[in-house]
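K.L.:
Everything below, folded, please.
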Amino acid sequence: MADSDKIFEDLLNRGHSAAWERDWEQAKTWYRRALEKNPDHLVALSNLGLAYYELGEYDEALKIYLQHAKKAPEDPVPFEKLGQIYEKKGKSEKAVKYALYAGELYVKIREINRAIENWVRATRNDPQNLQAHSRLALVYERLGQKQQAVREYLIIASLYQHNNDQENAIRSVEHALALMPDNQKAQRASELLKTGELLPFPTLSPEALSEAEREQPASIMDTGEHLVTAGADPIQETHHMALRILADTLFEESALDTQQSETASHRGIQGIMEGARNLISRPTDHGRITAHLRQALEMQTTGEEVHAAEDLEKAITAGLTNPAAFFELGYLRAQEARLESAIRALQKAAPYQEYSLAAHLLLGQLYRKMERVTEAAQEYLLALRVADMLTLTDNQWKVIDQLYEPIIETLKKQTELQVNVQICENIEGLLIRKDWRNHLVEVRERLNAGSQSGQLTPLAEMVTHTESGNLVEALNKIYQLAREGHSRSAMEEAFFVLQLTPSYLPLHTYVGDMLYKEGQVEDAVNKYIIVARTYEARNEPDRAIEVYRRIIELVPMADTPRRGLISQLLTMGKNEEAISETMNLADVYYHLADLEHARSTYLEGLNIANQSSIASTRQVQILHLIADIDIQSLNWRQALRLFEQIRSIAPSDEEARYRLIDLNMRLEQQSRATAELDNYLAYLEKNGKGKQALGFLNKLKQENAGWSEWLNPRVSQLTS
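P.N.:
Coordinates of the predicted model:
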């Protein structure tokens, strides 16, 4: 990763941390600095807008969200925030415009509740807006919220009546009565229309607004803001999210797409009614899905979870494939203690990102109930893997994700019951809590703070140790002591903790960091090497490579870490990198004037290149370096053979051609030197490089005064 990318990610993470703590002033500062490094980063842009908004700096927030909207025209979030800002600034017309547009964008991504929030905002700023009321009426009806749907249809009727469209006004009231025949307001509206009296002109009273807002399901994950405020553990969060999504699936996109919505707003209730009829006239299976899904949701609201699960299962049998359905069925079956059925459903939901964390946690709980503890520990670890990704940037999680593979593989071989039980409890303690997100971020910050080398550590490294519950606090104490300058106390505390968890390698690495900081370089290097070799033994070459690179940064002339690094690169099949590091090691020997070790190390690099599909230019480069050492060692015949090898690989290599002539002359083999010269000149002439041939001859003459008589005939031949 480039240094500029590291700086940007650090600034972005600082912004996220400040935002989590609702320190918006600090968040604003960090996000602005991040955008200076990467002006087009949408997350940083959106979060900067949010910081301005939370600080009440609406003019600045407006500029940011307008910029965001231009860069991401399909993202509803900036349009939603623009509507909110214009509402606060008292500019109702623009507030309505952006709220309507945000609602349409939310429909496209099936975030129906967010769409409703924006349409309600539109009616709050323009109580007579027909488009917003029409959209709300249809959505409430499809959600089964009949009281709200009737209220909207009566408002629509009033709007038509005041626009002298009596026919559509009547149809609106009739539709309201069809939904709720006993609704007194609908009955009264029908009577007023029959007598020619005016319906109440629509206004949205504070009471009606608060009622409408209360009736919207709470948003569990406000993903548009990139920040989450939730008061439930991951399982409960996902349960509520799944319910919301299942409610959204009652709508077909064709009935809610933007074009039909705009047409309906012009054609009035007739357009809405036709759209409703289109929803009903579906194939039988779709009708069964809708019927069973609606029944399942109603059963949920009345607490009849057994019947809800049965209807949900029938909807799935009829063809419902939304992963929300699989998760919710698994959740419900788990409540009934129908464990095998719950596991089957959750396994179908787990591959989907938005359900993965909660599904794996539930699977872990279910396996524990079935006393299948090894499988439970694996599921918990998979859940932690997903959760860990939430604390990292895109580039970081790709690194961490790879590090989970060997940990999971090692755990599969763990047969000790108590160890697996402790891992389950450790991860439950980390994740099954209402403040799990904040807690997770805090733990990640502690781990990151403890790595002076910047090396990322998976949370799994910590929780797979049976003392991890105490380990979090112990690490925090160590890092705090170190930050306050109490290095010796921090070191003593670290050695004490290592007695309890001797295999927790990140702490060994941190001890190495502290030793180096104290000037104990040799002890630090020895500690790092032990850590690296332990990673090697665990078959975690990625981690070993990171540590070896750290050692090389500290002691670039040491050969042991370089050889360890080369070995691990070869293990991973990274042959090109292994060759580069081999040449770096040879360069170290060369600068130490240890030509023998330098030559043998270059040969090692050449062997790797010969055994790999490495470009021939790399082989030529290494051969030149080896031959150069042979010339310095006066081993001319050996150097001659190497340059002959280069000539066969790269016949255009002028330096090799020059060396072949020069070495043959030194060895008093003029006939062979002549043959080499004539061979090269013929090669150049054949390839249309006559000028290069003349330049080559002149170079030979200038650097070897005694060769003039030998070379002149060939010069004359080329110039004639």
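
K.L.:
Look at Asn113 and say how many residues are nearby.
P.N.:
Per other C-beta atoms under 10 Å, the neighbour tally for Asn113 reads 18. Every residue, glycine included, has its C-beta placed from N, CA and C.

K.L.:
What helix or strand is it located in?
P.N.:
helix 112-125 (DSSP states H and E).

K.L.:
most distant residue from the middle of this protein?
P.N.:
Counting by C-alpha atoms, centre = their mean, the extreme residue of the chain relative to its mean C-alpha position is Glu709, 71.2 Å from that point.

K.L.:
Check the gap between that residue and Asn698 for me.
P.N.:
15 Å (C-beta to C-beta, to the nearest Å).

K.L.:
Asn13 too?
P.N.:
61 Å.

K.L.:
In terms of neighbours, single out the busier of those two.
P.N.:
Applying other C-beta under 10 Å to Asn13 and Asn698 shows that Asn13 carries more neighbours, namely 20 against 12.

K.L.:
can you give me the strands for the stretch 151-300 of the chain?
P.N.:
Assigned by DSSP state E, counting those that start in this stretch, the stretch 151-300 of the chain shows no strands.

K.L.:
same deal with the chain?
P.N.:
Counting by DSSP state E, the chain has no strands to list.

K.L.:
coming back round to it: quick one: mean pLDDT over the helix holding Asn113.
P.N.:
Average pLDDT, helix 112-125: 88.

K.L.:
Work out the gap between it and the centre of the chain.
P.N.:
On the basis of C-alpha atoms, centre = their mean, to the nearest Å, helix 112-125 sits 31 Å off its chain's mean C-alpha point.

K.L.:
which strands and helices sit next to it?
P.N.:
helix 76-88, helix 92-108, helix 130-143, helix 206-214, helix 234-248 (3 or more C-beta pairs under 8 Å, 6 or more residues apart in numbering; DSSP states H and E).

K.L.:
tell me the angle of the second one relative to helix 112-125?
P.N.:
Using axes from the mean of the first three to the mean of the last three C-alpha atoms, to 10 degrees, one finds that helix 92-108 and helix 112-125 are set 160 degrees apart in direction.

K.L.:
Can you pull the domain assignment for the protein?
P.N.:
Listed by automatic domain parsing, the domain ranges of the chain are 393-628, 651-720.

K.L.:
Can you say which of those is packed in most?
P.N.:
Ranked by average neighbour count under the criterion mean count of other C-beta atoms under 10 Å, those are headed by domain 393-628 at a mean of 18.

K.L.:
avg pLDDT for that one?
P.N.:
Domain 393-628 comes out at a mean pLDDT of 76.

K.L.:
Any figure for the gap between Lys701 and Leu243?
P.N.:
89 Å.

K.L.:
next one: Gly15
P.N.:
Distance, Gly15 to Leu243, using C-beta to C-beta: 32 Å.

K.L.:
Name the residue in these two with the higher neighbour count.
P.N.:
Applying other C-beta under 10 Å to Gly15 and Leu243 shows that Gly15 carries more neighbours, namely 25 against 20.

K.L.:
pretty sure that one is touching Val43, no?
P.N.:
No: with contacts counted by C-beta atoms under 8 Å, Gly15 stays clear of Val43, the gap being 9.4 Å.

K.L.:
rewinding a little: can I get the domains of the chain in JSON lines including distance to Gln67?
P.N.:
Converted to JSON lines, the domains of the chain look like this (distance: least, C-beta to C-beta, whole Å):
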{"stretch": "domain 393-628", "distance to Gln67": "21"}
{"stretch": "domain 651-720", "distance to Gln67": "54"}
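
K.L.:
closest one to Pro78 among those domains?
P.N.:
If you check each of those against Pro78 by C-beta to C-beta, domain 393-628 wins as the nearest, at 20.6 Å.

K.L.:
Name the residues that touch stretch 546-554?
P.N.:
453, 455, 509, 516, 521, 524-525, 528-529, 531-532, 535, 558, 561-562, 564-565, 568 (C-beta atoms under 8 Å, 6 or more residues apart in numbering).

K.L.:
show me where pLDDT drops low in the stretch 601-720 of the chain?
P.N.:
Low-confidence segments of the stretch 601-720 of the chain (pLDDT under 70): 613, 615, 720.

K.L.:
And the helices in it?
P.N.:
Along the stretch 601-720 of the chain, the stretches classed as helices by DSSP state H, counting those that start in this stretch are 616-632, 636-649, 654-666, 670-686, 690-703, 708-719.

K.L.:
same thing with the stretch 251-400 of the chain?
P.N.:
Going by DSSP H, counting those that start in this stretch, the stretch 251-400 of the chain shows helices at 253-256, 258-267, 269-280, 284-301, 305-317, 323-335, 339-349, 353-369, 373-389, 394-412.

K.L.:
So what's the model's average confidence on the first one?
P.N.:
Per-residue confidence for helix 253-256 averages out to 34 on the pLDDT scale.

K.L.:
ok, now which ones touch Pro541?
P.N.:
For Pro541, the contacting residues are Tyr535, Gln568, Thr571, Met572, by C-beta under 8 Å, 6+ apart.

K.L.:
mind putting those residues in a markdown table, distance to Arg433 included?
P.N.:
Formatted as a markdown table, the contacts of Pro541 follow (distance: C-beta to C-beta, whole Å):
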| residue | distance to Arg433 |
| --- | --- |
| Tyr535 | 31 |
| Gln568 | 38 |
| Thr571 | 40 |
| Met572 | 38 |
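
K.L.:
quick one: which of those residues is nearest Leu430?
P.N.:
Using C-beta to C-beta, the contacts of Pro541 come closest to Leu430 at Tyr535, 23.5 Å.

K.L.:
Quickly note the distance from that closest one to Glu522.
P.N.:
Using C-beta to C-beta, Tyr535 is found at 21 Å from Glu522.

K.L.:
Check Tyr331 too.
P.N.:
Per C-beta to C-beta, Tyr331 is found 57 Å from Glu522.

K.L.:
before we move on, what about Asn13?
P.N.:
In this structure, Asn13 and Glu522 are 34 Å apart, going by C-beta to C-beta.

K.L.:
same question, Leu346
P.N.:
Distance, Leu346 to Glu522, using C-beta to C-beta: 53 Å.

K.L.:
Ok, Gly90 next?
P.N.:
As judged by C-beta to C-beta, Gly90 and Glu522 stand 70 Å apart.

K.L.:
that older thread, just want the angle from the helix holding Asn113 to helix 234-248.
P.N.:
70 degrees.

K.L.:
Now do the buried residues in helix 112-125.
P.N.:
112-125 (16 or more other C-beta atoms under 10 Å).

K.L.:
ok, the residue farthest from the centre of the chain to Met241 distance?
P.N.:
91 Å.

K.L.:
same deal with Gln619?
P.N.:
Applying C-beta to C-beta, the value for Gln619 to Met241 is 57 Å.

K.L.:
what ranges of the stretch 201-350 of the chain fall below the confidence cut-off?
P.N.:
201-231, 248-286.

K.L.:
at 90 what do you get?
P.N.:
Within the stretch 201-350 of the chain, the ranges that satisfy pLDDT under 90 run 201-233, 237, 240-308, 311, 315-324, 335-337, 348-350.

K.L.:
If you count neighbours, what's buried in stretch 85-96?
P.N.:
Neighbour counts over stretch 85-96 (16+ other C-beta under 10 Å) mark Ile85, Tyr86, Glu87, Lys94, Ala95, Val96 as buried.
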